[in-house]
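**Q** Okay, sequence plus prediction incoming.
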Amino acid sequence: MRVHAHTPRVETHQIGRTSVEVVIVPDARAGGELIAEAMAQLLRRKPDAVLGVATGSTPLPVYEALAAKVRSGGVDASRARIAQLDEYVGLPADHPESYRSVLGRQVLQPLGLGPGAFMGPDGRAADIPAACAAYEETLEKAGGVDLQLLGIGTDGHIGFNEPCSSLASRTRIKTLTEQTRVDNARFFDGDIEQVPHHVITQGIGTILAARHVVLLATGAGKADAVAASVEGPVAAVCPASALQLHPHATVVVDEAAAAELKLADYFRHTFAAKPDWQGI
Ligand SMILES: N[C@@H]1[C@@H](O)[C@H](O)[C@@H](COP(=O)(O)O)O[C@@H]1O
């Protein structure tokens, strides 16, 4: 990567951005390292930063790389706060596949954080709308999410905002599409009957309120969704396209997920010409 010595030094979060930044990395591991380093830089600047975290297979290399930095002393995450993106409705909190449990195993434990560092909606609440409103309030009281990590569904969904979710939506209950239940059955012994129909998810408006939104997509199965999100129109039918409205959105894709991008060469050139200190 070339560094322009004469470029004035400005912190990444101060730069007024006008478009989604697409970063093409060789593989998932490199994507994980890049995003973990952005999280580490954030925590060095703001030790009690709120990290918004996603579930699914895609973010795992990020969590592994961040935990490795913590273990090696590269960053202190002991004051980090972790905010959940979405949750199944009706699963006991201690069910191994509730997203609260998953994030406990994949994020909190490896970072050495206790339950006090965790914020998430109550998927077992008797009054779901009240639980959704309470989570919005929790996020607001925490000062908002500093960096929100996202994966993407094959249909372009982010969190559990399925196609045609309002781009202004806040945390609320949603019904999963059949496709998402099929996709997620692998976490429930391959049995779709065990996959809940309902979920609580941060809305698209909630996600867009984070200071920095970082979406990671890996594998050929995500190539169409990535191209639609980044190069297609902003449209509720492709929820991730809402990132085009955000002043600081980064989409990190491996070569396979970048395969349908018409502007891939431009994205490569732009990132290669970027000063190292600027980060993502
Ligand atoms: N709610 C999650 C999303 O947050 C995630 O982005 C998506 C893709 O998962 P994966 O990364 O495993 O492909 O799955 C679920 O629907």
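**A** Sure, I can see it.

**Q** any low-confidence regions in the protein?
**A** Flagging of the chain using pLDDT under 70 yields the residue ranges 1-18.

**Q** which bits of it sit near the ligand?
**A** 54-58, 85-86, 151-153, 159-160, 180 (Cβ under 6 Å from any ligand atom). C-beta: built from backbone N, CA, C; applies to glycine.

**Q** give me that answer again for 8 Å
**A** With Cβ under 8 Å from any ligand atom as the criterion, the chain comes near the ligand at residues 54-59, 85-86, 99, 150-154, 157-160, 176, 180, 183-184, 199, 201, 218-219, 221-222.

**Q** Go ahead and build a ChimeraX selection from the buried members of the residues you listed.
**A** Buried residues among those (16 or more other Cβ atoms under 10 Å), as a ChimeraX selection:
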select :54,55,56,58,59,85,86,99,150,151,152,153,157,158,159,160,176,180,183,184,199,201,218,222
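
**Q** In strands, which of the residues of the chain next to the ligand fall?
**A** Taking DSSP state E, the ones among those that sit in strands are 86, 150, 199, 201.

**Q** which of those lies closest to the ligand?
**A** Of all these, D86 has the smallest distance to the ligand: 4.9 Å, by Cβ to the nearest ligand atom.

**Q** Can you name the residues bridging to that closest one?
**A** Beta bridges link D86 to T201, judged by DSSP bridges.

**Q** Next: L215.
**A** L150, V251.

**Q** And it, how far from D94?
**A** 30 Å (Cβ to Cβ, to the nearest Å).

**Q** With P59 instead?
**A** Computed as Cβ to Cβ, the P59 to D94 distance reads 22 Å.

**Q** Okay, now stretch 135-147: how far is its last residue from its first?
**A** One end of stretch 135-147 sits 17 Å from the other (Cα to Cα, to the nearest Å).

**Q** And for it, what's in contact with it?
**A** Contact partners of stretch 135-147, identified using Cβ atoms under 8 Å, 6 or more residues apart in numbering, comprise 38-39, 42, 46, 49-52, 81, 83, 119-122, 170-171, 200, 202, 206, 209-214.

**Q** in the stretch 1-150 of the chain, which spans are strands?
**A** Using DSSP state E, counting those that start in this stretch, the strands of the stretch 1-150 of the chain run over 21-25, 50-53, 81-84, 86-88, 118-119, 147-150.

**Q** strand partners of the first one, parallel vs antiparallel please.
**A** Same thing as strand 21-25. Strand 21-25 pairs in its sheet with strand 249-254 (parallel), by DSSP bridges.

**Q** Show me which parts of the partner strand are buried, residue by residue.
**A** 249-254.

**Q** follow-up on the earlier one: among the ones in strands among the residues of the chain next to the ligand, which pair sits farthest apart?
**A** Using Cβ to Cβ, the pair of these lying farthest apart is L150 and V199, separated by 15.1 Å.
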